[in-house]
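Novice: A structural model of the following input is requested.
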Amino acid sequence: MPTEWTINGRFLSQTLTGVQRYAREILMAMDEQLSGSQMLRQRVKVELLLPPDAKAPPLRSIRVKTVGPLTGHAWEQLILPIHARGGLISLCNTGPVLKSRQVVCVHDLNTRMFPQSYSRAFRLLYRVMTPLLVGRVAQVVTVSRFSASLMETYGLRPRKAIAVIPNGHEHTTRWTPEHTVATASACGPDTIVLLGSNAPHKNVGLILGMADQLAEEGFRVALVGSCDPRVFANSSQRALPSNVMTLGRLSDDALAALLQNSLCLAFPSFVEGFGLPPLEAMSLGCPVVTSDRTSLPEVCGPAALYSDPEDPDAWMACFRRLRREEGLRRSLIAAGREQALRFSWKASALDYLELMAAMDSASVMARPAVPAKVA
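Specialist: Numbers count the residues shown, from 1 in each chain. Next up is the predicted model:
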């Protein structure tokens with residue numbers, strides 16, 4: 001008889017960022033694995049529970065159920081544990097603290113490492129919730145060896161008690177590169193793609209602060225995302241130089257076209273639990289220049305150029321090399337595609353399914369034997 005597990009579907013009511021992308025891709029890959037394997041279906045039965053403001057993607061083997069009436073944290077803490085049957089999988093940092101038979105994926109500890117990137121209320125919430133969850137739940141998962149070691153460093157959980165189940169790359173194979181008018185104008189062999197966010201730990205100000213120097217050498221910057229460039233404009237000027245093109249939020253297809261037709265992706269973050277954008281860029285055949293800190297060397301391996309996120313001269317040297325050394329660019333594209341294949345949603349979904357089955361087996365084995373009835 002299959003064991004029962006519930007997936008916390010609150011993430012399907014949230015804006016799609018890297019964390020929500022992880023949960024969505026794990027969900028769909030898990031459904032695909034269950035659909036293709038009768039043996040897995042015999043071992044594990046999975047249900048997805050949603051708050052009223054969420055909508056699930058099409059699924060074949062995972063049953064979907066909406067339960068209410070609340071939303072947000074209130075739904076997660078008060079409604080979800082009432083309806084969750086068997087074990088619970090929470091894939092996006094949070095989960096109901098009263099549900100101990102739970103697998104929680106904690107992606108990072110950025111609120112501790114870079115508190116200035118977050119509001120006081122947000123920091124306080126995670127400062128309280130993360131230790132409670134990590135200390136109570138049956139299994140903690142994270143997305144990189146770096147994040148696992150960090151949890152041990154902060155005294156939240158021993159490293160050996162944390163499973164590492166990383167992001168995958170296959171979602172980029174569903175993207176169809178297609179330019180918009182803006183991306184077609186912005187791309188080119190001298191264009192550096194920068195994913196924008198005003199969060200200080202993303203460190204986009206490093207590259208934007210180099211805009212004048214980049215312009216002198218013929219480089220352009222394509223700024224993608226929700227970053228407000230006025231935050232980083234020099235106090236002596238009203239706007240950033242004309243070589244910085246602000247593209248706003250792009251569809252996946254437009255981003256793919258931009259990356260494939262530009263010099264490189266620049267990713268100067270101070271801290272990342274995983275760092276999905278470099279993996280996406282490598283999968284798409286775009287060279288990556290990235291920070292040499294936290295999880296990024298683990299994700300990019302030998303397939304990227306690395307720079308100190310506090311040294312603009314080092315970044316400039318990498319950009320010059322990429323433009324000057326065509327052989328280097330070709331080798332990074334090839335190495336990047338190979339490196340991306342090391343990270344698979346299919347493999348990660350199977351890791352979750354095996355973890356769930358193993359936990360159930362362990363709990364059955366640990367259960368005391370029932371004494372035989374005396375006739």
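Novice: which strand or helix spans Ala281?
Specialist: helix 276-283 (DSSP states H and E).
Novice: run the chain-centre distance for that helix.
Specialist: In terms of Cα atoms, centre = their mean, to the nearest Å, the centre of helix 276-283 is set 11 Å apart from its chain centre.
Novice: what helices and strands are in contact with it?
Specialist: For helix 276-283, the elements it packs on are helix 18-36, strand 262-267, strand 288-291, helix 296-300, helix 326-340, judged by 3 or more Cβ pairs under 8 Å, 6 or more residues apart in numbering; DSSP states H and E. No exception for glycine: its C-beta is placed from N, CA and C like everyone else's.
Novice: what's the third one packed up against?
Specialist: Packed against strand 288-291 by the contact rule (3+ Cβ pairs under 8 Å, 6+ apart) you find strand 262-267, helix 276-283, helix 296-300, strand 305-307, helix 312-324.
Novice: repeat that for 6 Å
Specialist: strand 262-267, helix 276-283 (3 or more Cβ pairs under 6 Å, 6 or more residues apart in numbering; DSSP states H and E).
Novice: between helix 18-36 and the longest helix seen in the chain, find me the angle.
Specialist: Longest helix of the chain, by residue count under DSSP state H: helix 345-366. Relative orientation of helix 345-366 versus helix 18-36 (axes from the mean of the first three to the mean of the last three Cα atoms, to 10 degrees): 70 degrees.
Novice: contacting residues around helix 345-366?
Specialist: Around helix 345-366, the neighbours that count as contacts under Cβ atoms under 6 Å, 6 or more residues apart in numbering are Thr3, Trp5, Glu25, Ile26, Ala29, Met30, Gln33, Arg43, Val44, Ile165, Gly168, Glu170.
Novice: which residues does the third one contact?
Specialist: Read it as Glu25. His171, Trp345.
Novice: any idea how far it lies from Gln260?
Specialist: From Glu25 over to Gln260 the distance is 21 Å, taken as Cβ to Cβ, to the nearest Å.
Novice: hang on, the earlier thing: any chance of JSON lines for the contacts of helix 345-366, columns pLDDT and distance to Leu88?
Specialist: What follows is the contacts of helix 345-366, written out as JSON lines (pLDDT from 0 to 100; distance: Cβ to Cβ, whole Å):
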{"residue": "Thr3", "pLDDT": "86", "distance to Leu88": "12"}
{"residue": "Trp5", "pLDDT": "96", "distance to Leu88": "7"}
{"residue": "Glu25", "pLDDT": "98", "distance to Leu88": "19"}
{"residue": "Ile26", "pLDDT": "98", "distance to Leu88": "14"}
{"residue": "Ala29", "pLDDT": "98", "distance to Leu88": "19"}
{"residue": "Met30", "pLDDT": "97", "distance to Leu88": "14"}
{"residue": "Gln33", "pLDDT": "95", "distance to Leu88": "19"}
{"residue": "Arg43", "pLDDT": "84", "distance to Leu88": "17"}
{"residue": "Val44", "pLDDT": "88", "distance to Leu88": "13"}
{"residue": "Ile165", "pLDDT": "98", "distance to Leu88": "16"}
{"residue": "Gly168", "pLDDT": "98", "distance to Leu88": "22"}
{"residue": "Glu170", "pLDDT": "98", "distance to Leu88": "26"}
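Novice: give me the buried entries from the residues you listed.
Specialist: Taking 16 or more other Cβ atoms under 10 Å as the criterion, what is buried in those is Thr3, Trp5, Glu25, Ile26, Ala29, Met30, Gln33, Arg43, Val44, Ile165, Gly168, Glu170.
Novice: what's the pLDDT at Ala161?
Specialist: Turning to Ala161, the model gives it a pLDDT of 96.
Novice: hang on, I meant Arg230
Specialist: Looking at Arg230, the pLDDT reads 62.
Novice: strands along this structure, start to end?
Specialist: Counting by DSSP state E, the chain has strands at residues 3-8, 44-50, 63-66, 87-90, 102-105, 139-142, 162-164, 188-196, 220-225, 244-248, 262-267, 288-291, 305-307.
Novice: out of those, which one sits most buried?
Specialist: strand 288-291 (a mean of 28; mean count of other Cβ atoms under 10 Å).
Novice: chain center to that one: distance?
Specialist: 17 Å.
Novice: who's in contact with it?
Specialist: Under Cβ under 6 Å, 6+ apart, the answer for strand 288-291 is 264-269, 278, 281-282, 296, 300, 304-305, 309, 318.
Novice: closest to Ser37 out of the residues you listed?
Specialist: The closest of those to Ser37 turns out to be Met282 (Cβ to Cβ; 29.5 Å).
Novice: that older thread, how about the buried ones among the contacts of helix 345-366 in JSON lines, adding distance to Ala121?
Specialist: JSON lines is the format used below for these (distance: Cβ to Cβ, whole Å):
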{"residue": "Thr3", "distance to Ala121": "38"}
{"residue": "Trp5", "distance to Ala121": "32"}
{"residue": "Glu25", "distance to Ala121": "29"}
{"residue": "Ile26", "distance to Ala121": "28"}
{"residue": "Ala29", "distance to Ala121": "34"}
{"residue": "Met30", "distance to Ala121": "33"}
{"residue": "Gln33", "distance to Ala121": "38"}
{"residue": "Arg43", "distance to Ala121": "42"}
{"residue": "Val44", "distance to Ala121": "37"}
{"residue": "Ile165", "distance to Ala121": "29"}
{"residue": "Gly168", "distance to Ala121": "32"}
{"residue": "Glu170", "distance to Ala121": "36"}
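Novice: what about stretch 36-53, how long is it end to end?
Specialist: End-to-end distance for stretch 36-53, by Cα to Cα, to the nearest Å: 30 Å.
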